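Engineer: Pasted the sequence and its predicted model underneath.
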Amino acid sequence: MSGPDLDLMPALARAVDEDALVVHFQPEVDLASGAVVGMEALVRWQHPQRGLLWPADFLSVADRAGLLPALGWDVLRRGAKELASWRSLPALADGSPRQLWVNVSASQLLEVDFIPRVAALIAELDLAPDTLGLELSEETLATGSRHAPALMEELRSVGVALGLDDFGSWYSALGMLGELPITTVKLDQAYVRGVGSDLEDDSIVSSVIALAHAHGVRVVAEGVESWSEGARLCELGCDRAVGYLFSGPQIADHARLMLAHGAGWTAPAQRRSRPSG
């Protein structure tokens with residue numbers, strides 16, 4: 001880690017301690033209806049000299065300084081409070097609840113009091129089951145592999161939805177579908193880039209979707225940037241998508257408007273069936 005990065009540590013510690021971080025929200029869109037059915041919570045840091053910093057600019061610093069658990073909890077708490085405010089929005093046409101997804105690191109997951117704190121937060125805000133979702137990367141699961149399945153079962157028992165982030169980025173991915181209590185897989189954008197133009201990628205994506213659906217797991221494509229990508233994913237049976245085709249990350253007020261009015265996406269006429277729930 002370079003000297004300038006190390007210089008960020010004291011300021012980042014103060015930012016975490018003083019609730020100076022910012023949470024933005026990126027829409028998750030139902031590919032069949034165009035409805036914005038949820039959001040991903042994304043942390044930003046408004047640095048006093050360097051301006052708005054993205055996670056790539058400071059998460060490695062947070063990890064080195066041992067700040068990831070505190071930073072992650074701050075994002076989770078802020079996001080959950082925003083999720084609670086969505087109860088005032090008009091209901092989705094199919095009656096399903098909107099979801100908020102928050103990334104969780106291995107250091108958070110393995111904290112002794114993490115699950116009780118999550119349960120208390122859900123109770124405090126009276127969040128409906130499966131509206132708060134936690135995203136875990138395959139790398140995170142590998143880091144805490146011995147304890148991860150039991151911890152995930154506990155999280156499901158307190159009403160948390162679970163997503164496997166960047167699915168397909170590790171060779172162990174497919175085997176996890178039937179072994180872990182996940183509700184969603186987030187398809188890695190490396191596969192999204194090739195859909196519609198690469199038959200091999202189409203085949204891989206189609207197989208992942210079929211396997212996920214066979215286990216009752218929803219599939220969300222990450223990093224969708226073009227209409228052709230969205231259309232092909234829809235044709236292949238993908239359930240939901242996130243990406244700049246629909247919107248970049250938004251401040252909370254703008255995110256609520258998108259939740260209420262949709263993303264302006266029109267799906268192709270034909271698509272396969274998908275799991276409910």
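Structural biologist: Cool, the structure landed. What you see is a predicted model, and the numbers here were worked out from it, not measured in a lab.

Engineer: Which parts of the stretch 1-150 of the chain are helices?
Structural biologist: 3-17, 55-64, 68-85, 106-109, 114-125, 138-143, 148-157 (DSSP state H, counting those that start in this stretch).

Engineer: can you give me the mean pLDDT across the fifth one?
Structural biologist: So the one you mean is helix 114-125. Mean per-residue pLDDT for helix 114-125: 97.

Engineer: Could you list every helix and strand in contact with that helix?
Structural biologist: With contacts defined as 3 or more Cβ pairs under 8 Å, 6 or more residues apart in numbering; DSSP states H and E, helix 114-125 has these neighbours: helix 68-85, strand 132-137, helix 148-157. (C-beta placed from N, C-alpha, C; glycine too.)

Engineer: any idea of the mean pLDDT for the longest one?
Structural biologist: Yep, that's helix 68-85 we're talking about. 94.

Engineer: still on that earlier bit, ok, which of the helices and strands packed on helix 114-125 comes nearest A119?
Structural biologist: Of all the helices and strands packed on helix 114-125, it is helix 148-157 that lies closest to A119, at 8.8 Å by Cβ to Cβ.

Engineer: quick one: low-confidence ranges for this protein?
Structural biologist: 1-6, 143-145, 168-175, 198, 269-277 (pLDDT under 70).

Engineer: tilt between the strand ranked longest in it and helix 3-17?
Structural biologist: Longest strand in the chain by number of residues (criterion: DSSP state E): strand 36-47. Orientation note: strand 36-47 sits at an angle of 120 degrees relative to helix 3-17 (axes from the mean of the first three to the mean of the last three Cα atoms, to 10 degrees).

Engineer: What is the distance between strand 36-47 and the centre of its chain?
Structural biologist: How far strand 36-47 lies from its chain's middle: 9 Å, per Cα atoms, centre = their mean, to the nearest Å.

Engineer: Can you check what angle separates it from helix 68-85?
Structural biologist: Here the directions of strand 36-47 and helix 68-85 differ by 140 degrees (the same axes, to 10 degrees).

Engineer: Can you list the buried residues in strand 36-47?
Structural biologist: 36-45, 47 (16 or more other Cβ atoms under 10 Å).

Engineer: can you put the helices of the stretch 1-150 of the chain in a markdown table and add distance to A267 and mean neighbour count?
Structural biologist: Shown next, in a markdown table, are the helices of the stretch 1-150 of the chain (distance: least, Cβ to Cβ, whole Å; neighbours: other Cβ atoms under 10 Å):
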| stretch | distance to A267 | mean neighbour count |
| --- | --- | --- |
| helix 3-17 | 41 | 15 |
| helix 55-64 | 31 | 17 |
| helix 68-85 | 26 | 19 |
| helix 106-109 | 35 | 21 |
| helix 114-125 | 33 | 16 |
| helix 138-143 | 29 | 18 |
| helix 148-157 | 30 | 16 |
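
Engineer: With respect to A252, which of the ones you listed lies nearest?
Structural biologist: Of the helices of the stretch 1-150 of the chain, nearest to A252 by Cβ to Cβ is helix 68-85, at 5.5 Å.

Engineer: what sits up against the closest one?
Structural biologist: If you take Cβ atoms under 8 Å, 6 or more residues apart in numbering as the criterion, helix 68-85 is touched by 12, 16-17, 19, 21, 23, 25, 41, 43, 59, 62, 98, 100, 102-105, 107-108, 111, 117-118, 121-122, 125-127, 131-132, 134, 252, 255-256.
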